[in-house]
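Visitor: fold the following for me, if possible:
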Amino acid sequence: MKDNIDWGKANQIIGEGLYSGLAKVLMEVSHRQLARFGNRNSKDNPSILEIGAGRGEHFDFVKNDFSQYVMSDISTWGKSTIDEIIKKDKRVSFEIQDIEELTFTDETFDRVICSCVLIHVDQPYLALGELNRVTRSGGTISLYIAADPGVLLRLIRFIVTAPKMKKLDVPYDLINALSHRNNAGGLIEMCKFVFKDSKMKISYHPFRIKSWNFSTHIIVNIIKN
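Guide: Coordinates of the predicted model:
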């Protein structure tokens with residue numbers, strides 16, 4: 001079946017729309033929460049890998065110094081903005097990477113950041129194994145997991161995000177239905193198994209209630225054994 005939707009353009013519009021108005025405020029809060037653990041617990045001068053970098057929105061929230069910062073994504077839709085960051089900081093680079101099959105050698109990075117990617121991938125268990133593989137012993141891994149299909153997250157989308165996307169004329173609900181493949185509860189259980197030998201802290205937001213059904217997102221922080 002064929003349709004007349006330009007999926008690349010639609011995803012770009014959604015990405016840009018999420019960083020305007022109230023949606024931007026909420027996104028920035030989640031970036032701050034995602035960065036906090038690594039900012040406090042990373043080794044001095046770490047090498048950092050960010051997966052799902054988009055347009056580089058998370059970069060400004062990483063506060064500790066670093067020797068290398070690799071931004072990666074499955075496509076180049078946000079690369080023009082990332083290129084501006086690279087011009088200002090030569091320690092930053094961009095690579096196309098598939099989280100389920102990273103090309104980096106074992107134990108390459110001291111800190112790995114993964115923002116709202118696991119909900120989309122076909123094989124999240126393999127993806128988590130790859131994150132574990134490329135992180136050095138003692139390194140930190142920080143994961144943002146959207147609380148799909150939780151009631152609170154769906155309510156926030158209905159009130160805040162969906163009306164904005166209708167004005168932008170993109171099939172937001174359809175894209176969510178097609179791309180949000182994995183539920184938060186299952187992803188958390190996979191994290192517990194993959195990182196069972198490591199120290200892990202799971203925090204639920206915004207209310208700190210330990211239920212993905214009453215959260216918008218979950219932050220999983222790991223110190224690899």
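Visitor: identify the single longest strand in the chain, thanks.
Guide: Taking DSSP state E as the criterion, the chain has its longest strand at strand 135-146.
Visitor: in that strand, what's buried?
Guide: Neighbour counts over strand 135-146 (16 or more other Cβ atoms under 10 Å) mark 135, 136, 139, 140, 141, 142, 143, 144, 145, 146 as buried. Placement of C-beta: from N, CA and C, glycine included.
Visitor: also stretch 12-32?
Guide: 12, 13, 14, 17, 18, 23, 26, 27, 30, 31.
Visitor: out of those residues, the closest to residue 196 would be?
Guide: Nearest to residue 196 among those, counting by Cβ to Cβ, is residue 30 at 26.2 Å.
Visitor: tell me the contacts of residue 26?
Guide: 156, 160, 216 (Cβ atoms under 8 Å, 6 or more residues apart in numbering).
Visitor: put the buried members of the residues you listed into a ChimeraX selection.
Guide: In ChimeraX, a selection of the buried entries from these looks like this (16+ other Cβ under 10 Å):
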select :156,216
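Visitor: minimum pLDDT in the contacts of residue 26, which residue is that?
Guide: Lowest in pLDDT among the contacts of residue 26 is residue 160, which has 87.
Visitor: quick check: that one vs residue 145, distance?
Guide: Distance, residue 160 to residue 145, using Cβ to Cβ, to the nearest Å: 19 Å.
Visitor: repeat for residue 202
Guide: For residue 202, the distance to residue 145 - Cβ to Cβ - is 9 Å.
Visitor: repeat that for residue 59.
Guide: Taking Cβ to Cβ, one finds residue 59 at 20 Å from residue 145.
Visitor: swap in residue 63?
Guide: 22 Å.
Visitor: next: residue 222.
Guide: Plainly put, residue 222 is 13 Å away from residue 145 if you go by Cβ to Cβ.
Visitor: residue 11 now?
Guide: 20 Å.
Visitor: in the protein, which spans are helices?
Guide: Using DSSP state H, the helices of the chain run over 7-17, 21-41, 79-88, 124-134, 151-156, 162-167, 172-179, 184-194.
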